[in-house]
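Peer 1: Predicted coordinates and the sequence they were generated for:
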Amino acid sequence: MKRFLILGLKIIGSIVAVVVVLLLGAAIIFNTSSFQNKMMAYSADMLAERLQTKVKIDSVSINFLTFDVNLLGVEIEDREQRKMLQTERLSVNLDIWGILRNHIHITSAELDGVKARLYKPEGSEANYQFVLDAFKSDKPKKAKKKEDGEKKKKKLTLDVNNVEVSRIDIVFNEDTFYLGNLDYVKRLTGRQEGSIRDLHGKLDFVTKKGPQTARVEIGKVALLGKDDKQQVKIESLHINLDNHLPRKNADKPKRGFFDVGHLDIDANMELMVNHLGQDTANISMIKFEAVDTITGFNVKDLRFRAGINKKAAYLSDITVQQENTVLNFDSATIQLPSKKEGRRFAFQTSMIKGKAFLQDISRPFAPVLKNFTMPLELSVLFSGTDTTLVFKNVEVHTPDNRLMIHAEGGITHLNVAQELEVRFQVKDMLAKGTVKEEIISMFAGKKLMMKQLKNLGDISYTGDFAVLYKREEFEGTVRTAVGNLDFNFALDENNKYLSGTATTNGIHLGKVLEMKDIGDVALKADFKIDIDKQRTLQMRKKYGGKMPIGNVNAIIHHASYKGIKVKELLADIKSNGGQIEGHISQQNKGLDWACDFSISDIDKMSSLKVKPKVKVKVKDIIDFSKLNPFKKKKK
């Protein structure tokens, strides 16, 4: 028994030895350079014949023991004899036995020095289309009916452990992309790590407003596995947009720097991918900071959680912070646009609350606010579409409540500058004490009639305002400690005039002007004030002074001066900047009176000069027929 067992083992051992020798011999033959060079030449010729173009491979190295494949110096030309694809080195290590189980396992792969020159002229085929056509199947796919008991065919799967890519240079038409380095590692524990370094791209495209160029640079993108999540860090992201047109604020110093056609953004961000499916994703923005170096628009931090599907994105726990401004809201819904399904972009938020410093948005949007340092607390419901913005339940107030505003409104026609409209209804505004003077002092320019403003005391306002294309309109009622005023005026940006009407049923003008002899005044006045810088500068150089330039025409329904009450006066007032000249008149049955006055300094009413004029209508008060000396008297 023992003898037969030993004999059997010897026979099996001999067979195994022969198989090993044959395998080693085959491996030795296959691993020889002469064999592989012949295989390389054969493969290049076969590929060239299939593509009908020139294909070149400098060398091939295949280790049939470790299944390492190395291709050096691959070149493929397009049909115009231009070098379409070049690679300096491609190395792949495969688990060959996995292919038998429909599983491709790449244990490592390296790609270095790739150049691709791809072109797709308008109205013709791309220069790489012949490659796609060459590997298309000529046979139409037939639907195979699954028979009972037949096992479902196992799908081919791919698993990659380690990848390193470096020096990738791609040109598509006029667009260029360059990648310095990419690496990816999948650990034995299943944890995935990777990074992208030194990515550059330039993209030219055409929008409705004309051609634009976008340049993108990324210093580093890092992928870090953390538990069952993926953490993504993006460092030194730079985006530059240029529409090749002058900036919108060119030669317009009062206009903000923000221009969507000219952006230069530096950003860093960190996010967590909690879930990533075929049509769904759940991410958390942990950190985001960005600044537009041209416009000065700055976001110091942005945080949120987002659930995303094909139709919408649902955001929660949102925080937006600028230099000093901080806004928080619980949730927001964004409807994602789809032309195919007839769905347009739209969004809505829960109540947004926070503290705002208007100085933070001064450079990009309103340079006039650059010195506005007063903190404002606000809350608002915000919604809109790609053409409309809606603001509801707007509440703005200072921390000490000396300034309080309640309003609602919206912006329409965002897509057409000439039709854009901003309309708000101010339900109530209250300015207590000196807050109004403090606000005005934060704006550059000469401060006019500040003493008179102070004398008005607390001010409240109810009304509407609209910002239209090169025109602003305001109307409403102002209530003060010395009386109320209804007004309606407009700012004409084309002709540079402020004009309108003001009406009051009674305002104590004497308290405003600090002239005790003047009492309550009821009037209706039409005014037109010149706001053109060049015109007003010339007038002030000519006449001196710092007063407004324009004219006022008024009907004074009633007024009192030193206890004397008058009614239905006509007033005509003109100002050239250096001096105010006025004419007040009243026409009566028997007596017309008028006075001319002039003021050289509105803050010094002692400079007021008055010239009275009186005209007696003798015919209206004397019957000359009764004074006839030739008429005989009755005895």
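Peer 2: Good, I have the coordinates.
Peer 1: burial count for M404?
Peer 2: 16 (other C-beta atoms under 10 Å). Every C-beta, even on glycine, is put in place using the N, C-alpha and C of the backbone.
Peer 1: which non-adjacent residue is nearest it?
Peer 2: H397 (4.4 Å; C-beta to C-beta, 6 or more residues apart in numbering).
Peer 1: so the one you found bridges to which residues?
Peer 2: Using DSSP bridges, the bridge partners assigned to H397 are E377, M404.
Peer 1: now the helices for the stretch 501-635 of the chain?
Peer 2: For the stretch 501-635 of the chain, the helices defined by DSSP state H, counting those that start in this stretch occupy 509-513, 533-543, 618-621.
Peer 1: looking at those, which is buried most?
Peer 2: Between the helices of the stretch 501-635 of the chain, helix 509-513 has the highest mean count of neighbours, a mean of 20, where neighbours are mean count of other C-beta atoms under 10 Å.
Peer 1: Now do the SS call for the residue sitting nearest the centre point of the chain.
Peer 2: Computing the C-alpha centroid of the chain and ranking residues by C-alpha atoms, centre = their mean puts V260 first, at 7.1 Å. Three-state call for V260 (DSSP: H, G, I helix; E, B strand; the rest coil): coil.
Peer 1: so it touches L241, yeah?
Peer 2: Yes. V260 lies in contact with L241 (C-beta atoms under 8 Å); the separation is 7.5 Å.
Peer 1: Pull out the buried positions in stretch 334-347.
Peer 2: 334, 346-347 (16 or more other C-beta atoms under 10 Å).
Peer 1: a markdown table please, covering those and showing secondary structure, pLDDT and distance to V273.
Peer 2: Below are the buried residues of stretch 334-347 laid out as a markdown table (DSSP: H, G, I helix; E, B strand; the rest coil; pLDDT from 0 to 100; distance: C-beta to C-beta, whole Å):
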| residue | secondary structure | pLDDT | distance to V273 |
| --- | --- | --- | --- |
| I334 | strand | 96 | 18 |
| A346 | strand | 96 | 26 |
| F347 | strand | 96 | 23 |
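Peer 1: Pick the one among the residues you listed closest to G354.
Peer 2: F347 (18.0 Å; C-beta to C-beta).
Peer 1: thinking again about what came up before, quick one: the residue nearest to the centre of the chain from T207, how far?
Peer 2: 10 Å (C-beta to C-beta, to the nearest Å).
Peer 1: ok, now I411?
Peer 2: I411 is 21 Å from T207, by C-beta to C-beta.
Peer 1: So between these two, which is more surrounded?
Peer 2: I411 (17 against 9).
Peer 1: Low-confidence bits of the stretch 201-350 of the chain, can you list those?
Peer 2: Applying pLDDT under 70 to the stretch 201-350 of the chain flags the ranges 227.
Peer 1: no, scratch that, I was asking about the chain
Peer 2: 1-40, 42-43, 64-66, 95-104, 135-158, 227, 445-446, 448, 588-592, 601-635.
Peer 1: before we move on, back to that, tell me, how many residues neighbour the residue nearest to M404?
Peer 2: By other C-beta under 10 Å, 16 other residues sit near H397.
Peer 1: Equivalent analysis for A417, please.
Peer 2: Around A417 there are 9 residues (other C-beta under 10 Å).
Peer 1: Isn't it up against L468?
Peer 2: No. Look at A417 against L468 with C-beta under 8 Å: they stay out of range, at 11.2 Å.
Peer 1: Out of the helices of the stretch 501-635 of the chain, which gets nearest to M46?
Peer 2: helix 533-543 (77.8 Å).
Peer 1: Output the contacting helices and strands for the closest one.
Peer 2: On a contact count with 3 or more C-beta pairs under 8 Å, 6 or more residues apart in numbering; DSSP states H and E, helix 533-543 meets strand 549-561, strand 564-576.
Peer 1: List every C-alpha atom in that helix, with coordinates, as PDB.
Peer 2: Output in PDB follows, covering the C-alpha atoms of helix 533-543 (Å, rounded to 0.1, in the frame of the first residue of the first chain):
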ATOM      1  CA  LYS A 533     -22.400 117.700 -10.700                       C
ATOM      2  CA  GLN A 534     -21.100 119.600 -13.700                       C
ATOM      3  CA  ARG A 535     -23.900 122.100 -13.800                       C
ATOM      4  CA  THR A 536     -24.000 122.700 -10.000                       C
ATOM      5  CA  LEU A 537     -20.200 123.000  -9.900                       C
ATOM      6  CA  GLN A 538     -20.200 125.800 -12.500                       C
ATOM      7  CA  MET A 539     -23.000 127.600 -10.700                       C
ATOM      8  CA  ARG A 540     -21.300 127.400  -7.300                       C
ATOM      9  CA  LYS A 541     -18.000 128.700  -8.800                       C
ATOM     10  CA  LYS A 542     -19.900 131.600 -10.400                       C
ATOM     11  CA  TYR A 543     -22.000 132.600  -7.300                       C
END
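Peer 1: gap between it and the chain center?
Peer 2: 39 Å (C-alpha atoms, centre = their mean, to the nearest Å).
Peer 1: nearest spatial neighbour of K311, skipping sequence neighbours?
Peer 2: Closest residue to K311 apart from its sequence neighbours, by C-beta to C-beta, 6+ apart: L336 at 6.0 Å.
Peer 1: quick one: that neighbour and A306 touch, right?
Peer 2: No. Contact between L336 and A306 fails when scored by C-beta under 8 Å: they sit 11.8 Å apart.
Peer 1: what touches both of these two?
Peer 2: Counting by C-beta atoms under 8 Å, 6 or more residues apart in numbering, the common neighbours of L336 and A306 are A313.
Peer 1: distance between stretch 362-370 and the chain's centre?
Peer 2: 15 Å.
Peer 1: What of stretch 361-377?
Peer 2: 17 Å.
Peer 1: Other residues contacting that stretch?
Peer 2: Outside stretch 361-377, the residues touching it (C-beta under 8 Å, 6+ apart) are 253-258, 292, 295-297, 322, 324-325, 354-359, 396-399, 403, 438-439, 442-444.
Peer 1: One more pass at 6 Å, please.
Peer 2: Outside of stretch 361-377, the residues within contact range by C-beta atoms under 6 Å, 6 or more residues apart in numbering are 256-258, 295-297, 355-359, 396-397, 442.
Peer 1: Give the bridge partners for T462, please.
Peer 2: Beta-bridge partners of T462, as defined by DSSP bridges: T477.
Peer 1: how near is it to L378?
Peer 2: In this view, T462 and L378 are 19 Å apart by C-beta to C-beta.
Peer 1: Ok, E235 next?
Peer 2: For E235 relative to L378 (C-beta to C-beta), the value is 33 Å.
Peer 1: Next, the distance between the ends of stretch 396-416.
Peer 2: Start and end residues of stretch 396-416 are separated by 29 Å (C-alpha to C-alpha, to the nearest Å).
Peer 1: from what I can see Q322 touches D360, true?
Peer 2: Yes. Counting by C-beta atoms under 6 Å, Q322 does reach D360; the two are 4.3 Å apart.
Peer 1: what about those two, which has more around it?
Peer 2: Using other C-beta under 10 Å as the criterion, Q322 and D360 rank with D360 on top: 21 against 18.
Peer 1: contacting residues for L85?
Peer 2: By C-beta under 6 Å, 6+ apart, the contact list for L85 reads 76, 116.
Peer 1: in what helix or strand does it lie?
Peer 2: L85 is part of strand 83-94, with elements assigned from DSSP states H and E.
Peer 1: Pull out the buried positions in that strand.
Peer 2: 84-94.
Peer 1: Put the alpha carbons of it into PDB.
Peer 2: Listed next in PDB are the C-alpha coordinates belonging to strand 83-94 (Å, rounded to 0.1, in the frame of the first residue of the first chain):
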ATOM      1  CA  LYS A  83      -0.700  64.200 -33.600                       C
ATOM      2  CA  MET A  84      -4.000  63.700 -31.800                       C
ATOM      3  CA  LEU A  85      -2.900  61.600 -28.800                       C
ATOM      4  CA  GLN A  86       0.600  61.100 -27.200                       C
ATOM      5  CA  THR A  87       1.600  59.400 -24.000                       C
ATOM      6  CA  GLU A  88       5.100  59.000 -22.600                       C
ATOM      7  CA  ARG A  89       4.300  56.100 -20.300                       C
ATOM      8  CA  LEU A  90       1.400  53.900 -19.300                       C
ATOM      9  CA  SER A  91       1.900  51.200 -16.600                       C
ATOM     10  CA  VAL A  92      -0.800  48.900 -15.400                       C
ATOM     11  CA  ASN A  93      -0.600  45.900 -13.000                       C
ATOM     12  CA  LEU A  94      -3.600  43.500 -13.300                       C
END
